[in-house]
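A.B. asks: sequence? don't have it. structure:
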Ligand code: BTN
């Protein structure tokens, strides 16, 4: 992984948080002049990092802002390729749109597009996705698995598992998954996933996985209050560091993705089932063609939901809204 000077400097400050590191040592380790170190520290301060500088002792990081610029995320990121290239924009129409463009232009696997605000955020089934500035995480990840297109839904399920595990690692909060791709806490949604694919008839070219996460949202409009929540609300009002959360999700995603490419969907499926709230219950699936109520028996190896109706007939549900 290639790190910029800014990322290396941040990593050093974070590793030595609350202790002083001399300007001399930083300049030697980073291979740049002490003036350059000072300039980078000044830039970090402008972004909201609180760094104390004392003449004889050096620099000490006191606190970090809740930013999600590439160096905030990459400075402590322990992945090989997921999130090693990050394209950050303050405002975009939709990170999905930009990621699709980049994928068509040949962006590498693991490239992530992240924005502070989306003005035309897209949800599933043609809906819009509210993406206000500052409080959430709106991002799209580009992957290029060598799989046939019919297996692509497995990656949505893998992503849901990665997010549940990443949230647990970063915050200690336990979440559940509602088929196919909603992450819930106490029945309320905190994350939505939108998977879009570019493919030829027999091979996937790229999959763009969009994730919208309500992280530090303090309140929701009346229309969403019963349905949505945020990590902050579920964390007794304590703010969550978004860069650390992203690092944990990228790390979990990479572990699961490597396992998936090597050994297939089985392990991912077991994990997914262990987090699923919708299985083993009577649920209603609203599809584009109608409504089916029945017993949720499980998912297939392609991630299709199996729903047994009251006459004992099993329906394969590919896309629907689920009511539990
Ligand atoms: C859903 O409907 O539950 C899926 C919502 C997915 C929203 C994310 S936010 C980042 C990415 N960009 C978009 O326009 N949508 C996805």
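C.D. replies: Happy to help now that I have it. Keep in mind it's a predicted model, so treat the numbers as computed, not measured.

A.B. asks: so which bits of stretch 112-124 are buried?
C.D. replies: 112-118, 121-122, 124 (16 or more other CB atoms under 10 Å). All C-beta spots, glycine's among them, are computed from the backbone N, C-alpha and C.

A.B. asks: quick one: that stretch near the ligand?
C.D. replies: Yes - using CB under 6 Å from any ligand atom, stretch 112-124 reaches the ligand at 118, 121-124.

A.B. asks: relative to residue 84, how far out is residue 157?
C.D. replies: Residue 157 is 24 Å from residue 84, where distance means CB to CB, to the nearest Å.

A.B. asks: correction: the previous question concerned residue 91.
C.D. replies: Taken as CB to CB, the span from residue 91 to residue 84 is 24 Å.

A.B. asks: which one of those two is surrounded by more residues?
C.D. replies: Counted by other CB atoms under 10 Å, residue 91 and residue 84 do not tie: residue 84 has more neighbours, with 21 against 11.

A.B. asks: pretty sure that one contacts residue 141?
C.D. replies: No - in this structure, residue 84 is not within contact of residue 141 by CB atoms under 8 Å, at 11.5 Å.

A.B. asks: in which helix or strand would I find whichever residue of the stretch 151-300 of the chain sits closest to the ligand?
C.D. replies: Across the stretch 151-300 of the chain, the shortest distance to the ligand (CB to the nearest ligand atom) belongs to residue 192, at 2.3 Å. Taking DSSP states H and E as the definition, residue 192 sits inside strand 188-199.

A.B. asks: tell me which other helices or strands that strand touches.
C.D. replies: Applying 3 or more CB pairs under 8 Å, 6 or more residues apart in numbering; DSSP states H and E, we find strand 188-199 packed against helix 95-104, helix 153-171, strand 182-185, strand 204-213.

A.B. asks: spell out which parts of the chain neighbour the ligand.
C.D. replies: 94-96, 118, 121-124, 127, 129, 131, 138-140, 182, 192-194, 210-212.

A.B. asks: one more pass at 8 Å, please.
C.D. replies: Within the chain, the positions lying close to the ligand (CB under 8 Å from any ligand atom) are 93-97, 115, 118, 120-125, 127, 129, 131, 136, 138-140, 181-182, 189, 191-194, 210-213.

A.B. asks: quick one: residues contacting residue 14.
C.D. replies: With contact taken as CB atoms under 8 Å, 6 or more residues apart in numbering, residue 14 is in contact with 61, 64, 75-76.

A.B. asks: so which of the residues you listed sit within strands?
C.D. replies: residue 61 (DSSP state E).

A.B. asks: looking at the contacts of residue 14, spot the one nearest residue 290.
C.D. replies: Closest approach between these and residue 290, by CB to CB: residue 76, at 48.6 Å.

A.B. asks: give me the neighbour count for the closest one.
C.D. replies: Neighbours of residue 76 under the rule other CB under 10 Å: 14.

A.B. asks: need the pLDDT of it.
C.D. replies: Per-residue confidence (pLDDT) for residue 76: 87.

A.B. asks: surely it and residue 12 touch.
C.D. replies: No - between residue 76 and residue 12 there is no contact under CB under 8 Å: 10.7 Å.

A.B. asks: report the contact partners of the closest residue to residue 109 other than its chain neighbours.
C.D. replies: For residue 109, ignoring the flanking residues on the chain, the nearest one in space by CB to CB, 6 or more residues apart in numbering is residue 144 at 4.4 Å. Neighbour list for residue 144: 109, 204-207 [criterion: CB under 8 Å, 6+ apart].

A.B. asks: where does this structure dip in pLDDT?
C.D. replies: Applying pLDDT under 70 to the chain flags residues 1-2.

A.B. asks: which one's the longest helix in it?
C.D. replies: Assignment by DSSP state H gives helix 242-263 as the longest helix of the chain.

A.B. asks: so what's the gap between that one and the chain middle?
C.D. replies: Remark: helix 242-263 is offset 9 Å from the chain centroid, using CA atoms, centre = their mean, to the nearest Å.

A.B. asks: now do that helix against strand 188-199, angle only.
C.D. replies: For helix 242-263 against strand 188-199, the angle by axes from the mean of the first three to the mean of the last three CA atoms, to 10 degrees is 50 degrees.

A.B. asks: helices and strands around helix 242-263, which ones?
C.D. replies: helix 70-74, strand 137-143, helix 153-171, helix 266-275.

A.B. asks: quick check: next helix or strand after the third one?
C.D. replies: Right, the one you point to is helix 153-171. strand 176-178.

A.B. asks: that following strand packs against which elements?
C.D. replies: For strand 176-178, the packing partners by 3+ CB pairs under 8 Å, 6+ apart come out as helix 153-171, strand 182-185, helix 266-275.
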